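Undergrad: Build me a structure from this.
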Amino acid sequence: MSTLLLDLNDLALRWRPNDEIVDTPAWALIGEPPLIGRSALSEARLQPRRINNQFWHHLDTNPIAGAAGVVRHHADLAFLQLKDIHLAAKADAYVISVPAHYERAQLSLLLGLAAATSMRIKAVADPGILLANSVDSEAPALLYLDAGLHDVSLTVISNGQQWQRQQSVTAHPKGLLSVIDRLANQIAKQLIQTERFDPLHLAATEQQLFEQLFEHLESQNLGTSSTIQLIHGDRHYEHTLTEAALRNATVDMVPDIIKCIQTNTASTAELLVSHRAALLPGLLEAMALIPSVQVTRLTDSALFEAFDQALPTLLESQDFNQLIYQLPKTQRPSNRPAADTESPTITHVLFNGRAIPIDDYRAMPSVTLVLEFVASGDWILKPGSEPLTLNQQALTQQRTLSIGDRVTLGAQTFEFIRVL
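TA: Model (predicted):
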């Protein structure tokens, strides 16, 4: 029997039938017939009054404005998207990882919608529990930070005889859609000043701008400087998103998220950061300054790998429609390299909001740091022709780097991190 994980997030719903991840945006265009997914996203700014992107975030059966035809409420839109996914995935059974804020009523409604589409649900699971089960952390508590289209959530997980979800809180009431909207407004303001052109005044150019920002988001490039190109008639307009502009889009979000993490950290903890949360400009750099918290940035496939590891345990029960908010610990090989138990290995360099594999960074023609990999598995940083500081101390001789080390060269800052 094939059992797939369906990662339910209001940014996009994802599954991995083979080696590649498939996703569909959580957007709908209400009409006759309604459009769901990417086809709806392509109309987001062309027909804004008919667009709905709240149906997974606020999953309920309350009547909605603009209801038409078969669509009466959010649950109807969720049903249509589940139906499309089941038709494409064709799995015998599913485990659905659900948003952290879902309560019992929403979980029950989700199971009812899945049953109406003929999907067999083995379990609904908290994604933080699946991920905690895969990292073999020795920290007394794990935190899982995730972001969606409409909010940022933090889940607290205890590390005892089993992995147990303790609570979930909203780290910020705005999510990635707010970042996109803020960037769009920044770009419009600049183009008005430099070109006397407002892309938000015309639906066609507003849609172009929205789609390009959303594409940067989906390709995990929102934290990098990018060029936006717009076409209106025979005119072409360009705007480069600077690092300062990107950080300005989250200037009021990042401090609130950091405060939430600190409030929910009683002692030492490991913080698992989803690939979605890592898209928030400036967040990873700010988290590196939190004392007693080890930050682990997860890849976009980490949840599917964690599911593969937990699946034998999930299949031990013959029951369906299970609720997985805790998992027993099992004796198994660690998912991490053996060296991680005592000295975790640096895998990436965090620079300009991007996590670059350290080998790729060292091979770049413009690389400014002198790095050497030694037989012990450590990375050595050597002084170069320009002054360097390591953790705010002048670097005068070579040093062995550790996870979390920050190097400053002129106006540039580099942080050495680990990505699972």
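
Undergrad: what stretches of the protein score poorly on pLDDT?
TA: 218-225, 330-344, 352-354, 361-368, 374-377, 420 (pLDDT under 70).

Undergrad: tell me the centre residue of this structure?
TA: When C-alpha atoms, centre = their mean is applied to the chain, the residue found nearest the centroid is Arg276 (1.0 Å).

Undergrad: can I assume that residue is in contact with Tyr144?
TA: No: applying C-beta atoms under 8 Å as the test, Arg276 and Tyr144 come out as separate, 11.4 Å apart. Yep, even glycine has a C-beta here, placed from its N, CA and C like the rest.

Undergrad: Distance check, the residue nearest to the centre of the chain against Arg14.
TA: 10 Å (C-beta to C-beta, to the nearest Å).

Undergrad: one step back: check contacts around the residue nearest to the centre of the chain.
TA: Asn9, Leu11, Asp146, Ala147, Gly148, Leu176 (C-beta atoms under 8 Å, 6 or more residues apart in numbering).

Undergrad: what does Pro127 give?
TA: So Pro127 contacts Asp7, Ser97, Val98, Ala100, Tyr144, Asp146, Ser274, Leu303 (C-beta under 8 Å, 6+ apart).

Undergrad: Give me the neighbour count for the nearest residue to Thr400 once chain neighbours are set aside.
TA: What sits nearest to Thr400 in space, not counting adjacent residues and going by C-beta to C-beta, 6 or more residues apart in numbering, is Asp378, at 4.9 Å. If you count neighbours by other C-beta atoms under 10 Å, Asp378 ends up with 15.

Undergrad: same question, the one 4 residues further on
TA: A count of neighbours around Lys382, defined by other C-beta under 10 Å, yields 13.

Undergrad: Can you tell me how far the residue nearest to Thr400 is from Asp136?
TA: Counting by C-beta to C-beta - Asp378 and Asp136 are separated by 22 Å.

Undergrad: Check Val251 too.
TA: 36 Å.

Undergrad: the more surrounded of these two?
TA: Taking other C-beta under 10 Å, Val251 and Asp136 do not tie; Asp136 has more neighbours (15 against 11).

Undergrad: show me the contacts for His348.
TA: Arg297, Ala355, Ile356, Pro357, Ile358, Tyr361, Phe416, Ile417, Arg418, Val419.

Undergrad: Spatially nearest residue to it, not counting backbone neighbours?
TA: Ala355 (4.3 Å).

Undergrad: Please apply the same query to Gln294.
TA: Glu270 (4.7 Å).

Undergrad: likewise Leu401?
TA: Using C-beta to C-beta, 6+ apart, the nearest residue to Leu401 is Trp379, at 4.6 Å.

Undergrad: what's near enough to touch that neighbour?
TA: Contacts of Trp379 (C-beta under 8 Å, 6+ apart): Ile346, Ile358, Leu371, Glu372, Phe373, Thr400, Leu401, Phe416.

Undergrad: Please tell me how far the second one sits from Ile30.
TA: Spelled out, it's Ile358. 47 Å.

Undergrad: so the nearest residue to Arg16 once chain neighbours are set aside, which of the three states?
TA: Counting by C-beta to C-beta, 6+ apart, Phe304 is the residue found nearest to Arg16 once chain neighbours are left out, at 4.6 Å. Following DSSP: H, G, I helix; E, B strand; the rest coil, Phe304 is assigned to helix.

Undergrad: Can you get me a residue count around Phe304?
TA: 20.

Undergrad: and if you look at Asp19?
TA: If we define neighbours as other C-beta under 10 Å, then Asp19 has 7 of them.

Undergrad: cool, Leu230 as well?
TA: Leu230 has 21 nearby residues by other C-beta under 10 Å.

Undergrad: The residue nearest to Gln326 when sequence neighbours are not counted pairs with what?
TA: Once flanking residues are discounted, Gln326 sits nearest to Gln164: 4.5 Å by C-beta to C-beta, 6+ apart. Gln164 has these beta-bridge partners by DSSP bridges: Ser158, Gln326.

Undergrad: What residues of the longest helix anywhere in the chain count as buried?
TA: Longest helix in the chain by number of residues, with DSSP state H as the criterion: helix 176-195. Neighbour-count burial for helix 176-195, counted by 16 or more other C-beta atoms under 10 Å, picks out Leu176, Leu177, Ser178, Val179, Ile180, Arg182, Leu183, Ala184, Gln186, Ile187, Ala188, Leu191.

Undergrad: State the distance from the residue nearest to His348 to Val419.
TA: Taking C-beta to C-beta, one finds Ala355 at 6 Å from Val419.

Undergrad: list residues touching both of these two?
TA: Arg297, His348.

Undergrad: more crowded one of those two?
TA: Ala355 (22 against 18).

Undergrad: Tell me the strands beside the helix or strand containing that one, with direction?
TA: Assessed by DSSP states H and E, Ala355 sits inside strand 354-357. Strand 354-357 has its sheet partners listed here by DSSP bridges as strand 348-351 (antiparallel).

Undergrad: Could you grab the helix/strand/coil label for the closest residue to Ser42 other than its chain neighbours?
TA: Spatially, and ignoring its direct neighbours in sequence, Ser42 is nearest to Glu211 (7.1 Å; C-beta to C-beta, 6+ apart). Following three-state DSSP, Glu211 is assigned to helix.

Undergrad: Helices of the stretch 101-250 of the chain, start to end?
TA: Taking DSSP state H, counting those that start in this stretch as the criterion, the stretch 101-250 of the chain carries its helices at 104-116, 127-135, 176-195, 203-218, 243-248.

Undergrad: after the last one comes which helix or strand?
TA: Using DSSP H and E, the helix or strand that directly follows helix 243-248 along the chain is helix 253-263.

Undergrad: Please work out the angle formed by the directions of the following helix or strand past that next one and helix 127-135.
TA: The helix or strand immediately downstream of helix 253-263 is strand 269-273, counting by DSSP H and E. Put simply, strand 269-273 runs at 110 degrees to helix 127-135, going by axes from the mean of the first three to the mean of the last three C-alpha atoms, to 10 degrees.

Undergrad: and the angle from strand 269-273 to helix 253-263?
TA: Going by the same axes, to 10 degrees, strand 269-273 makes 150 degrees with helix 253-263.

Undergrad: Off-centre distance for strand 269-273?
TA: Relative to its chain's centre, strand 269-273 lies at 14 Å (C-alpha atoms, centre = their mean, to the nearest Å).

Undergrad: other SSEs contacting it?
TA: The contact analysis (3 or more C-beta pairs under 8 Å, 6 or more residues apart in numbering; DSSP states H and E) places strand 269-273 against helix 127-135, strand 141-147, helix 283-287, strand 293-297.
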